[in-house]
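>>> here is my input, please return the structure:
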Amino acid sequence: MLDALTPDDAPECARLEAVLFPGDDPWSASAFTSELHAGHPYYAARVADRLVGYAGVALLPAPAFSREPAEAEVHTIGVDPDVQGHGIGRALLRALLGRADAIGAVTFLEVRTDNGPALDLYRSEGFEVVGTRRRYYASGADAYTMRRESTTHRADPR
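Below you'll find the model as predicted:
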């Protein structure tokens with residue numbers, strides 16, 4: 001089940017971050033709380049009321065009367081290792097992409113170059129590698145920057 005992430009979820013998100021991203025400067029509970037207070041859309045995946053995943057995106061609408069598209073940036077996505085491989089990450093990603101598509105946004109994200117399962121997921125949802133960020137993570141690991149075009153199109157503002 002997906003629903004809105006709340007500040008009460010922040011400690012469990014931080015615990016999962018430490019498990020999922022050791023050595024890569026995992027987010028703290030206060031980082032999650034700050035994102036929620038900033039108004040960014042964040043989702044929680046729950047199984048029997050237990051938080052098993054989370055995801056968030058920042059949305060930047062297109063400027064009025066501009067030909068430039070809106071943009072979205074996936075800030076984070078994580079799924080408890082105990083339940084990976086059951087479509088939870090895909091459901092979370094699709095929820096984020098639904099928000100981005102609703103405003104016609106091009107969506108960006110960064111992912112470790114050695115994270116095969118995440119790369120496969122992102123590619124299957126229409127993302128393409130557009131660049132590499134050397135030593136992007138605290139561990140020194142590289143990241144790919146990926147981009148996905150919106151599946152919806154804004155009306156021409158003219």
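>>> can we go C-alpha only for contacts and neighbour counts from here?
Will do.
>>> name the residues that touch the lengthiest helix in the chain?
Longest helix in the chain by number of residues (criterion: DSSP state H): helix 88-102. Here helix 88-102 makes contact (CA atoms under 8 Å, 6 or more residues apart in numbering) with 2, 41, 43-45, 53-57, 59, 71-72, 74, 77-79, 106-107, 121, 150-152.
>>> buried stuff in stretch 21-35?
Using 16 or more other CA atoms under 10 Å as the test for burial, stretch 21-35 gives 26-29, 32-33, 35.
>>> neighbours of Asp101, how many?
22 (other CA atoms under 10 Å).
>>> show me where this structure has helices.
10-20, 29-37, 88-102, 116-124.
>>> now these in a markdown table, with distance to Gly131 and mean pLDDT?
Below are those laid out as a markdown table (distance: least, CA to CA, whole Å; pLDDT from 0 to 100):
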| stretch | distance to Gly131 | mean pLDDT |
| --- | --- | --- |
| helix 10-20 | 24 | 96 |
| helix 29-37 | 26 | 96 |
| helix 88-102 | 20 | 96 |
| helix 116-124 | 14 | 96 |
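>>> now the chain, which segments are flagged as low pLDDT?
153-158 (pLDDT under 70).
>>> give me the distance from the top strand by length along the chain to the chain's centre.
Secondary structure of the chain per DSSP state E: the longest strand is strand 50-60. From the chain centre to the centre of strand 50-60 is a distance of 6 Å (CA atoms, centre = their mean, to the nearest Å).
>>> flag every buried residue along that strand.
51-59.
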